[in-house]
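Student: heads up, no residue letters with this:
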C-alpha cells in the first residue's frame, strides 16, 4: 500500500494506480477506503471500464448491491465485449437474492463468451436453486467440475449432466429430459 500511496503523492491523477490501491485496500478488508479510492479513479478517468468494475466489486463486498450494479453497468457500457462486467453483475444480483434477474444476465454473459465456465456453472446453480433445471456441462469442463461423475464437491446437491462425446449436446439434453421425466413420472 505504501508504494501506491507514494506514487499517488507524486502524481495524484493516476487512475490505474489509484484503482490498484483500491483493490489492495479491498483485499485488506478496508472497504470504505477501497471504495473511496476506486471512486476517485473513475472520477479521474471516467472511461476506465476496469476501474468501474473494480468499484462494483468493492461495493458488492460492502453489500451495497445497487451501487455495485450501477458500476458494472457503466463498465459494460464502456466495453460491451468484456464478459467479466455482466458476469460480476449477475453474481451481484444472485447475492442480492434477485435470482431471476441473475439468470437473465448469466444468459447474456454466455452470448458474449459462450464457454465462460463461471457463467455456465453459476447459471446452472441459479437454475437449480430456482427448481428449473439440473446443470449441463461440456465434456471437458472447468476444473471445479472434475471429469466424471454426476456430483461435484463444490455443489454436492447439484446433478451434473455431462457430454459423453465432445459437442454432443443432444445426448446431454436427452439425459436431462429423461431425468426430469422420471422425477415427475413421465416416460418417453
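Tutor: Received, thanks. Just so it is clear, the structure is predicted and the values come from calculations on it, not from any experiment.

Student: every contact and neighbour count from this point should use C-alpha atoms.
Tutor: OK.

Student: mind giving me the domain split of the protein?
Tutor: Following the assignment in automatic domain parsing, the chain carries domains at 1-79, 83-133, 134-188.

Student: including mean pLDDT and mean neighbour count, could these go into TSV?
Tutor: Conversion of the domains of the chain to TSV gives the following (pLDDT from 0 to 100; neighbours: other CA atoms under 10 Å):
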stretch	mean pLDDT	mean neighbour count
domain 1-79	96	20
domain 83-133	88	19
domain 134-188	75	15
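
Student: distance of residue 15 from residue 72?
Tutor: Residue 15 sits at a distance of 17 Å from residue 72 (criterion: CA to CA, to the nearest Å).

Student: what residue lies at the spatial centre of this protein?
Tutor: Per CA atoms, centre = their mean, the C-alpha nearest to the average position across the chain is that of residue 87, at 3.5 Å.

Student: so what's that residue up against?
Tutor: Counting by CA atoms under 8 Å, 6 or more residues apart in numbering, residue 87 touches 105-106, 109, 119.

Student: let's go with 6 Å and repeat that
Tutor: residue 109 (CA atoms under 6 Å, 6 or more residues apart in numbering).

Student: which element is it on?
Tutor: According to DSSP states H and E, residue 87 maps onto helix 84-95.

Student: packing partners for the helix or strand residue 32 falls within?
Tutor: With elements taken from DSSP H and E, the one containing residue 32 is helix 31-44. With contacts defined as 3 or more CA pairs under 6 Å, 6 or more residues apart in numbering; DSSP states H and E, the secondary structure elements packing on helix 31-44 are helix 15-27.

Student: since that was my last question, I'll sign off now.
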